[in-house]
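J.: After the sequence you'll find the predicted model.
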Amino acid sequence: MVKIFVINGGQHFAHSLGRFNKTLLELDQSFFVANNGFELRITDINDPYELNKEVDNYVWADVIIYHTPIWWFSLPYKLKEYIDKVFTAGHRKGMFRSDGRKSENPDVNYGTGGTMQGRKYMVTTTWNAPETAFTLPGEFFNQTSVDDGVLFGFHRMNAFLSLQCIQGIHFHDLEKNVTQERIDRYKNAYLHHLIDKFGN
């Protein structure tokens, strides 16, 4: 069995109800089932959680999947709080032992103290911004991709634990220009992405 730990970061706040991130979670629940060779654990950052249990979820998992909206070009504050607290609690408990440097030569090897070698992670993001804001010359993100731009620190954060990245998927224009057709197309795209990356 492949052990999958999903973190739903679709925070409830203001006009955002986290509906599409919940839809992705429901697709995970139908895909990552025992008959397909998976065990699944889920955390929703809107619900109370216990830090040592969350550390155990990370250490238990073969793959961690994050679902998150992007708010003001960063993670929602409850997901960032979750990460700050859980990663700190995971120090020398299976997530990382140090920042990797040695006192005799502290200028090198920063970020090599993770203890989750052999495990992987994947991230999905949801945006109001259209995809063209990242791809067209002269548009807002200067032709910088989600992964190389806004998510650069997020990816290095997971690398700090020695996790390897599975290519994720990003969903655009889900507020100002959202339609049922777009949602249905994105749901289908995510299912095909899971089949491609997890072989079912």
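T.: Okay, I see it. All figures in this text were calculated on a predicted structure; none of them were measured in a lab.
J.: pLDDT value on His12, please?
T.: Per-residue pLDDT puts His12 at 80.
J.: residues contacting the closest residue to Asp173 other than its chain neighbours?
T.: Closest residue to Asp173 in three dimensions, ignoring its sequence neighbours and counting by CB to CB, 6 or more residues apart in numbering: Pro130, at 4.5 Å. C-beta: built from backbone N, CA, C; applies to glycine. Listed by CB atoms under 8 Å, 6 or more residues apart in numbering, the contact partners of Pro130 are 172-173, 177.
J.: Give me the buried subset of the residues you listed.
T.: 172-173 (16 or more other CB atoms under 10 Å).
J.: Tell me the spacing between the residue nearest to Asp173 and Glu81.
T.: 29 Å (CB to CB, to the nearest Å).
J.: still on that earlier bit, A strand includes the residue nearest to Asp173, no?
T.: No - using DSSP: H, G, I helix; E, B strand; the rest coil, the assignment for Pro130 is coil, not a strand.
J.: The residue sitting furthest away from the middle of the chain and Asp28: what is the separation?
T.: Here the chain reaches farthest from its C-alpha mean at Glu104, the gap being 35.1 Å by CA atoms, centre = their mean. Separation of Glu104 from Asp28 (CB to CB): 45 Å.
J.: next one: Asp147
T.: Applying CB to CB to Asp147 and Asp28 gives a distance of 21 Å.
J.: Those two: who's more crowded?
T.: Asp28 (21 against 16; other CB atoms under 10 Å).
J.: The more buried one in helix, strand or coil?
T.: Of the three states, Asp28 takes helix according to three-state DSSP.
J.: and the top helix by length along the chain, what other elements does it pack with?
T.: Secondary structure assigned by DSSP state H gives helix 180-198 as the longest helix of the chain. Judged by 3 or more CB pairs under 8 Å, 6 or more residues apart in numbering; DSSP states H and E, helix 180-198 is in contact with helix 19-31, strand 169-171.
J.: Deepest in the core, which of those is it.
T.: Across those, the average number of neighbours (mean count of other CB atoms under 10 Å) peaks for strand 169-171, which reaches a mean of 20.
J.: who's in contact with it?
T.: So strand 169-171 is contacted by 20, 124-127, 131, 146, 186, 189-190, 193 (CB under 8 Å, 6+ apart).
J.: In ChimeraX, how would I select the buried members of these?
T.: ChimeraX command restricting the contacts of strand 169-171 to the buried ones, with burial defined by 16+ other CB under 10 Å:
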select :20,124,125,126,127,146,186,190,193
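J.: Give me the distance between the spatially closest residue to Ala189 that is not a sequence neighbour and His192.
T.: Leaving out its chain neighbours, the residue that sits closest to Ala189 by CB to CB, 6+ apart is Ile169, at 6.8 Å. In this structure, Ile169 and His192 are 9 Å apart, going by CB to CB.
J.: joint contacts of the two?
T.: Applying CB under 8 Å, 6+ apart, one finds that no residue jointly contacts Ile169 and His192.
J.: quick one on the thing from earlier: the residue nearest to Ala189 bridge partners, please.
T.: Legend: beta-bridge partners of Ile169 under DSSP bridges are Thr124.
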